[in-house]
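Enquirer: just need the structure, nothing else, for what follows:
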Amino acid sequence: MMELYLENDHMKYKTILKFLLAFVTVCFCTSALAAKDAGLGHDYRTFITGGDIKYGQIGDSYTADLVMYLAGNQFMVMEELINDFQKKNPDIKSIYVETIPPGQILKGQILKQGLIDGQKTSQTPDLFASVNLGHLRKLKGEGMMSDYIIYIHNKLELMVAEGNPKKITGPKDLGRDDLVQSHPNPLTEGIFKFYGSQMLKDLDLYDKVTGGAMCKSCWAVPDKTWFTSRHHRETPHRIENGEADVGIVWTTEVTHGKAEGRKIDGVTIPEPYNMQHKVGYAIGVLKLARNQANGKRYIEYLSSDDAQNIYVKYGFVKANKEELTPKPIPDPKPKK
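Expert: Okay, here's the model as predicted:
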């Protein structure tokens with residue numbers, strides 16, 4: 001159609017070339033935004049004293065003054081928390097932090113050599129944290145960790161589109177046939193493996209919602225229930241883009257999303273279904289860590305009022321004094 005208005009071939013080819021370049025640029029930018037939203041680089045950060053942050057520098061897991069592999073759902077807290085910690089500990093000049101599902105970390109980066117974007121990651125971070133104490137018990141059984149603290153709590157919530165257009169009132173609505181759902185996967189995301197799945201079973205909805213599927217980045221129920229790889233990045237994106245109506249997330253992720261101006265809202269899950277009574281974040285120092293002393297200083301910092309209050313700002317629930325006291329990790333459960 002455009003050719004009818006061109007005076008010669010030179011102009012035609014030049015115009016077509018401009019059109020193609022513009023098209024490619026739009027596609028590239030759209031893909032880049034989607035990738036950023038999915039968390040590429042932003043779940044692998046190196047914090048430098050003074051406030052600088054490097055993204056996606058995987059090699060820093062071998063060289064930073066403190067290396068932490070943490071449950072991903074606290075990603076929104078880390079910038080303020082690490083900045084405060086480094087002001088109090090200026091000699092710890094570089095801190096490498098991963099915030100991805102702890103099951104992925106344990107199986108794919110600690111118990112075996114991990115690769116991220118083709119780069120090897122250290123198998124011996126200084127600190128490892130999970131919402132499942134069983135992960136730390138596994139490390140104890142491998143002779144890799146001995147002590148821990150519980151440093152914070154969280155609870156389940158439903159994330160929906162802004163204004164709640166589907167009029168979702170609570171977790172029982174997950175049994176509705178008119179909803180497209182986006183949930184953490186049951187293989188590597190502890191929020192669903194240990195908590196969300198239990199909630200659905202308690203409501204007698206597990207089979208209907210999941211179809212019994214055990215996969216990630218997949219349709220558990222075709223065109224009805226999507227299992228993510230990293231829900232804290234993917235579910236808000238899917239809901240904002242009309243690809244899902246609802247997803248099981250942490251309360252803190254709704255709080256953070258709304259603070260960031262994202263087009264989402266939250267629907268409260270009542271007790272006991274929100275699992276607050278069970279969800280405690282456990283952290284410990286690895287025995288082969290390069291920076292054990294720095295790891296212990298960070299754990300001491302987590303027990304401070306300053307650290308606890310920062311977490312509370314983002315929707316977390318404080319740990320009590322007894323939970324913040326280091327204690328031996330329970331022995332691993334016997335294999336059946």
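
Enquirer: confirm for me that residue 59 is in contact with residue 119.
Expert: Yes - counting by Cβ atoms under 8 Å, residue 59 does reach residue 119; the two are 6.4 Å apart. The C-beta positions use only the backbone N, C-alpha and C, and glycine is treated the same way.

Enquirer: let's see the pLDDT reported for the closest residue to residue 63 other than its chain neighbours.
Expert: The spatial neighbour of residue 63 that comes closest, neighbours along the chain excluded (Cβ to Cβ, 6 or more residues apart in numbering), is residue 94 at 7.6 Å. Confidence at residue 94, expressed as pLDDT, is 98.

Enquirer: please name the residues that touch residue 94.
Expert: Each residue near residue 94 by Cβ atoms under 8 Å, 6 or more residues apart in numbering is listed here: 46-49, 60, 63-66.

Enquirer: how about residue 234: what's its closest non-neighbour residue?
Expert: residue 228 (4.2 Å).

Enquirer: picking that back up, may I see the contacts of residue 94 organised as TSV, with distance to residue 260 and pLDDT added?
Expert: What follows is those, written out as TSV (distance: Cβ to Cβ, whole Å; pLDDT from 0 to 100):
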residue	distance to residue 260	pLDDT
46	22	98
47	19	98
48	23	98
49	26	96
60	26	97
63	31	98
64	27	98
65	29	98
66	27	98
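
Enquirer: closest to residue 75 among those residues?
Expert: Residue 75 has its nearest neighbour among the contacts of residue 94 in residue 47, at 12.6 Å by Cβ to Cβ.

Enquirer: what about that closest one, neighbour count?
Expert: Look at residue 47: counted by other Cβ atoms under 10 Å, it has 25 neighbours.

Enquirer: just checking, next helix/strand downstream of the host helix or strand of it?
Expert: Of the helices and strands defined by DSSP states H and E, residue 47 is found in strand 44-48. Using DSSP H and E, the next helix or strand after strand 44-48 towards the C-terminus is strand 52-55.

Enquirer: give me the contact list for that next one.
Expert: Looking at strand 52-55 with Cβ under 8 Å, 6+ apart, the contacting residues turn out to be 41-42, 44-48, 60, 79.

Enquirer: low-confidence ranges, this protein, go.
Expert: Scanning the chain with the threshold set as pLDDT under 70 gives 1-41, 336.

Enquirer: dead centre of this protein: give me the residue that sits there.
Expert: Note on the chain: the residue nearest the mean C-alpha position is residue 72, at 2.8 Å, using Cα atoms, centre = their mean.

Enquirer: thought that one was touching residue 103?
Expert: No - taking Cβ under 8 Å as the contact criterion, residue 72 and residue 103 are not neighbours in contact, 10.3 Å apart.
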